[in-house]
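Student: What follows is a predicted structure for the sequence shown.
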Amino acid sequence: MSSQQAREISIANELDESLNPSEQAYVAPQWKLMYWKFRKHRMAVVSLFILILFYIGAAFCEFIAPYDPEAFSTNFVAAPPTRIHFFDDHGTFRGPFVYGYKRERDPETLRPLYTEDKALIYPIGFFVRGSEYKMWGLFNTNIHLFGIGAKPDEQGVFLLGADRLGRDLFSRIIYGSRISLSIGLVGVFLSLILGIILGGISGYYGGFVDNIIQRIIEFIRSIPSIPLWMGLSAALPANWPVVRVYFAITVILSLISWTGLARVVRGRFLALREEDFVLAARLVGSSEMRVILRHMVPSFLSYIIASLTLSIPGVILAETGLSFLGLGLRAPAISWGVLLQEAQNLRSVALAPWVLLPGVAVVTSILAFNFLGDGLRDAADPYSR
Amino acid sequence: MAKYILKRILYMIPTLFVISIISFAIIQLPPGDFLTSYVATLRQQGEDIDATAIKALEEQYGLNQPIYVQYGKWMRNILLYGDFGLSFEWRRPVKDLIWERIGLTVFISLLTILVTWIISIPAAVYVATHQYSFLDYLISFISFVGLGTPGFLIALVYLWIMLSVFGVNAAGLFSEQYINAPWNWDKIVDMMSRIWAPVLILALDNTAGIIRTVRANLLDELNKPYVETARAKGLKERILIWKYPVRVALNPFFSTVGWTLAALVSGETLVAVVLNIQTSGPLLLRALTSQDMYLAGAFVLLLSALTVLGTLISDILLAIADPRIRLEG
């Protein structure tokens, strides 16, 4: 780099800084405009952080969950969420700790009642040793993010309570997020491929082919999806391994959800074809490939990402609904829908209302994706007001 | 107009054809055919079924023939005799089982659409004309929650609250004493006193989306010059808003009514399972889990066909309301 160029760049930088905010908008690159616009959508930013947290939880679920999701203990059947204390009875600060449970039975209904035994104090530790697991199939370890170090049969820390087999619900929800959150991404990725190919063909060739594809899309959208999904997933053999069922379900779900994406791609293609900058690029002699990749794709990529985000909730919901009915993933697999199956029985809800909590996880992630998608859609077109 | 309707009806034929193929595929997908499972169930229960009876059934449904012949027979029986095959779990013709359920499904769906409109359109108009007011935020918040919460979860929470607070089991459409009673006035009153819960739960699911779209459309319309002109001419605000911008803002919403119907039938399936309502959903689920395939296939076929029919009707209504559609289509 010559000194001449370096000086020019430094002048340009100074110029950038000397501009007041409204003038900066004239020289900012597109991604920066998008970033500014996205940042303005408060809920979208919050949602983004929530989702990042959720996905970190899903990625490191073995480490974050204090217990093995299948570990059960008859001592803690339907135990309520454990209260975390900082001060003991005498008002002395002891750091986070939990009291031991005293278990009784209601003499009439025989349902277990748990009270806190103030004599037993279990301090909560971080990076404690617990049950052994294999992290990402790479190495064995037994370190968990938090726990009380006591034997699981003796006392546990149940942040969100325990189910009717005495399994820790928090651990199960964290493990369940791995399937529930990834099925959204994988399903949407599959529908993205279908959507881009078919929507692209539809928008690019137009005419007869376009007509046929549009009719197909209209047709698919007019079928009630849940009965169709139910029919298709009920046909999956019951003895298939979890992984194969998982992929079969995602394929079934994306068979319908691609239609929305295909519409967006087609619409963008049609609109951009007529834009002045595309015409200009053609006139200066850019090849077809270059026009598409260098000029058209960057300007509709952001739309695609936004509508991708908006179609993830549908897939998550569909999986949850199907698994809830017992037609999607089944018991040894853990997903939020499978966990909610527990709530299908009204008696177990009455006994332990916290079995509804996986539903809160579902709703939170769906709302977060919706807000994030809203923010991304606004940001996708930073030049509009 | 007649030409447009004719065209739409012609479009429907290939759609219905594909739907029938998919439904038939659902019948065929599980390993084995329904007759083998039927015979197996009978044997299990210690009943014997003689070879000639099996032969006769095989003949009737063409089970020993190639797939397309079976499909042809299935379709012919449906179209000519209204015969959807036999439910081996209930040992009754599928036709009888379905008619018991479809009526209630259609009734609840139509009621839900009505309630959805009654709630969402005034709400959307209020929200758009009172932007940034307290109710605007409240309604927007509720509709966001409605958008993110699947109906069956709301149904679960509703059941739990009714049980834990009021000690009532709110599942089912009838109080205990009416479940097996014949239809009479008291039974209808009892049903109407319970039907609001599923209808409201289903309506909330759809209301959210409608409020959001109509609000956005209406906000766009309200800034247009013709509104200003009408106002300058001294038209009363209420008449002005309802007569012009609202009508324009509702157009894109009417054009998706067909999809609303499909979504409604889907959502209804899950909510009905949770609330134990005797619509088609729970029976379809049961048919699928027990591999009662003729029943399941017939349900998918009929529900889809009804939705397509509903879409056709809404398209025609839309064409009457908005002449531009006829020119485009």
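Tutor: Thanks, I have the structure now.
Student: pLDDT score for the residue in the stretch 1-150 of chain A that chain B sits nearest to?
Tutor: Going by Cβ to the nearest Cβ, chain B is nearest to residue A:43 of the stretch 1-150 of chain A, at 9.1 Å. (C-beta placed from N, C-alpha, C; glycine too.) Per-residue pLDDT puts residue A:43 at 81.
Student: got a list of what it touches?
Tutor: A:371, A:374, A:375 (Cβ atoms under 8 Å, 6 or more residues apart in numbering or on different chains).
Student: which parts of the stretch 101-250 of chain B sit against chain A?
Tutor: Applying Cβ under 8 Å from any Cβ of the partner chain, one finds that the stretch 101-250 of chain B approaches chain A through B:144-145, B:147-150, B:152-153, B:156-157, B:159-160, B:163-164, B:169, B:171.
Student: What subset of those is buried?
Tutor: B:144, B:147-150, B:152-153, B:156-157, B:159-160, B:163, B:171 (16 or more other Cβ atoms under 10 Å in any protein chain shown).
Student: Nearest residue to residue B:90 in space, please, no chain neighbours.
Tutor: residue B:97 (6.0 Å; Cβ to Cβ, 6 or more residues apart in numbering or on different chains).
Student: Tell me the residues of the stretch 151-300 of chain A that contact chain B?
Tutor: A:215, A:219, A:221-228, A:230-232, A:234-235, A:237.
Student: same thing but at 10 Å, please
Tutor: A:215-216, A:218-238 (Cβ under 10 Å from any Cβ of the partner chain).
Student: Buried residues of stretch A:207-227, list them for me.
Tutor: Within stretch A:207-227, the residues scored as buried using 16+ other Cβ under 10 Å are A:210, A:213, A:216-227.
Student: Let me know the closest of these to residue B:310.
Tutor: Distance ranking of those against residue B:310, using Cβ to Cβ, places residue A:222 first at 8.7 Å.
Student: Point me to the residue sitting closest to the centre of chain A.
Tutor: Most central in chain A under Cα atoms, centre = their mean is residue A:181, positioned 3.9 Å from the mean C-alpha point.
Student: What distance do you get for it to residue B:299?
Tutor: Separation of residue A:181 from residue B:299 (Cβ to Cβ, to the nearest Å): 32 Å.
Student: Identify the residue nearest the spatially most central residue of chain B in space, chain neighbours excluded?
Tutor: Central residue of chain B (Cα atoms, centre = their mean): residue B:265, 2.2 Å from the mean position. Setting aside the residues directly before and after it, residue B:265 is nearest to residue A:224 in space (Cβ to Cβ, 6+ apart), at 3.9 Å.
Student: Verify the stated contact: residue A:154 with residue A:100.
Tutor: Yes: Residue A:154 is in contact with residue A:100 according to Cβ atoms under 10 Å; the separation is 8.0 Å.
Student: Need the residues touching each of these two.
Tutor: Common contacts of residue A:154 and residue A:100 (Cβ atoms under 10 Å, 6 or more residues apart in numbering or on different chains): A:120, A:122, A:148.
Student: Any of those residues buried? List them.
Tutor: Buried by 16+ other Cβ under 10 Å: A:122, A:148, out of these.
Student: any idea which helix or strand comes after the strand or helix carrying residue B:187?
Tutor: For residue B:187, the element it lies in under DSSP states H and E is helix B:185-222. Where DSSP H and E defines the elements, the next helix or strand beyond helix B:185-222 is helix B:225-232.
Student: Excluding chain neighbours, what is closest to residue A:226?
Tutor: Nearest residue to residue A:226, sequence neighbours excluded (Cβ to Cβ, 6+ apart): residue B:266, at 3.6 Å.
Student: can you pull out the strands in the stretch 1-150 of chain B?
Tutor: B:86-87, B:92-93 (DSSP state E, counting those that start in this stretch).
Student: What is the nearest of the residues of the stretch 101-250 of chain B next to chain A to residue B:106?
Tutor: For residue B:106, the nearest member of those is residue B:152. The distance, counting by Cβ to Cβ, is 20.3 Å.
Student: What residues sit buried inside stretch A:151-166?
Tutor: Result for stretch A:151-166 [16+ other Cβ under 10 Å]: buried residues A:152, A:155, A:156, A:157, A:158, A:159, A:160, A:161, A:162, A:163, A:164, A:166.
Student: end to end, how far does it reach?
Tutor: End-to-end distance of stretch A:151-166: 14 Å, with Cα to Cα, to the nearest Å as the criterion.
Student: Just give me how far it sits from the chain centre.
Tutor: 26 Å (Cα atoms, centre = their mean, to the nearest Å).
Student: And the average pLDDT for that stretch is what?
Tutor: For stretch A:151-166, the per-residue pLDDT averages 74.
Student: just stretch A:222-240 next, same as before
Tutor: 74.
Student: pLDDT-wise, which helix or strand of the chain ranks last?
Tutor: Looking at chain A here, since you left the chain open. helix A:3-18 (a mean of 61; mean pLDDT, DSSP states H and E).
Student: List the buried residues for stretch A:56-63?
Tutor: A:57, A:58, A:61, A:62, A:63.
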